[in-house]
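K.L.:
Here is my input, please return the structure:
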Amino acid sequence: MNLRQLDISRRSIALAAALIGSVSLAIGAHAALNMRVLDAAKAVSTDQVTGSVGQTSKLALVIGNGHYPDASAPLMQSINDARALSSSLRKNGFDVDMVEDASKDDMVRAVNRLKSRIKRDTVVMLFFGGYGVQAGRESYMLPVDAVIWKESDVRRQGVSIEGVLNMMKEQGAKAKLVVVDASRRNPYERRFRSYSHGLAPIGTPDNALILSSASPGKVVDDGMGEHSTLVSELLTNLNAQGSAESVFNKTRVAISRASEGDQVPTVSSSLLEDVHFDQAGG
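P.N.:
Next up, the predicted model:
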């Protein structure tokens with residue numbers, strides 16, 4: 001190899017080294033930039049998580065069943081009630097899942113959706129308007145596709161209110177609110193010998209509040225208004241706000257007085273703390 005060739009080789013090596021150095025610097029700068037981006041994203045994510053800590057989530061499952069094939073006429077109030085209550089609850093900070101004219105599969109899916117979203121800081125509310133039947137010591141919400149001829153049909157085709165409450169408890173809900181407007185005289189009442197009028201007393205688990213449209217074993221007739229008596233009074237008191245227990249009790253007293261004792265709703269409470277419907281109250 002002559003001197004000229006040696007000089008060219010040295011320049012080639014130097015050029016290659018410089019090129020490698022530039023690439024390394026570029027890779028290093030890109031990696032540093034990526035790290036800064038990841039750190040910034042992590043900071044944003046942490047801020048979002050931190051900001052949600054301590055905030056109570058509010059979930060509601062609202063079911064309004066009105067069109068039962070076995071009934072002589074649809075329960076239009078149940079549909080109206082579900083829509084109006086859903087709107088009111090949303091204004092008060094609830095994330096509402098509303099289901100109308102639900103089949104058994106629809107109701108089961110809705111309960112499972114609710115179950116998947118309950119956390120330990122969640123206030124959960126269930127509303128059911130439609131036909132309810134007592135079987136044994138439990139009260140069942142009836143889907144619109146229920147075919148009821150005997151008591152075992154109620155257990156198989158209905159959805160147990162106590163079962164939903166137990167699910168809420170098992171999921172660790174902070175508080176459980178239930179409104180049942182189903183103490184109606186229904187088309188199944190003469191079909192099996194052991195039938196009981198109205199609904200059974202609903203068992204109240206820890207930290208729960210339950211409002212039922214009538215006393216256990218009693219039935220009430222629907223009026224001619226757009227909403228049932230129970231929901232009409234409940235909406236009035238929800239708009240006035242206050243604690244959930246206060247809202248339920250005011251509703252009970254107003255209905256009892258207006259009906260001169262013919263309809264006396266039942267309120268059962270095992271709440272361990274104040275729960276409010278309005279956003280400010282938490």
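K.L.:
Outside of stretch 110-128 itself, list whatever touches it.
P.N.:
54-63, 65, 81-82, 85, 89, 94-95, 97, 99, 102, 141, 159, 161, 164-165, 167-168, 171-182, 275 (C-beta atoms under 8 Å, 6 or more residues apart in numbering). Backbone N, C-alpha and C define where each C-beta goes, glycine included.
K.L.:
Quick one: neighbours of A73, just the number.
P.N.:
For A73, the neighbour count with other C-beta atoms under 10 Å is 9.
K.L.:
Just list the residues touching it, thanks.
P.N.:
With contact set as C-beta under 8 Å, 6+ apart, A73 has no partners.
K.L.:
same thing but 10 Å
P.N.:
Applying C-beta atoms under 10 Å, 6 or more residues apart in numbering, one finds that A73 lies in contact with G66, H67, D222.
K.L.:
Of those, which is the most crowded?
P.N.:
Among the contacts of A73, G66 has the most neighbours (other C-beta under 10 Å), with 21 neighbours.
K.L.:
can you pull the pLDDT of it?
P.N.:
Looking at G66, its pLDDT reads 96.
K.L.:
if we can go back for a sec, any chance of the contacts of A73 in TSV, plus distance to M125?
P.N.:
Formatted as TSV, the contacts of A73 follow (distance: C-beta to C-beta, whole Å):
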residue	distance to M125
G66	20
H67	24
D222	23
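K.L.:
Show me where the stretch 151-282 of the chain has its helices.
P.N.:
151-157, 161-170, 229-240, 244-258 (DSSP state H, counting those that start in this stretch).
K.L.:
Out of those, which gets nearest to L211?
P.N.:
Proximity to L211 (C-beta to C-beta) singles out helix 244-258 among the helices of the stretch 151-282 of the chain, at 4.5 Å.
K.L.:
buried ones in that closest one?
P.N.:
Neighbour-count burial for helix 244-258 flags A244, E245, V247, F248, N249, K250, T251, R252, A254, I255 (criterion: 16 or more other C-beta atoms under 10 Å).
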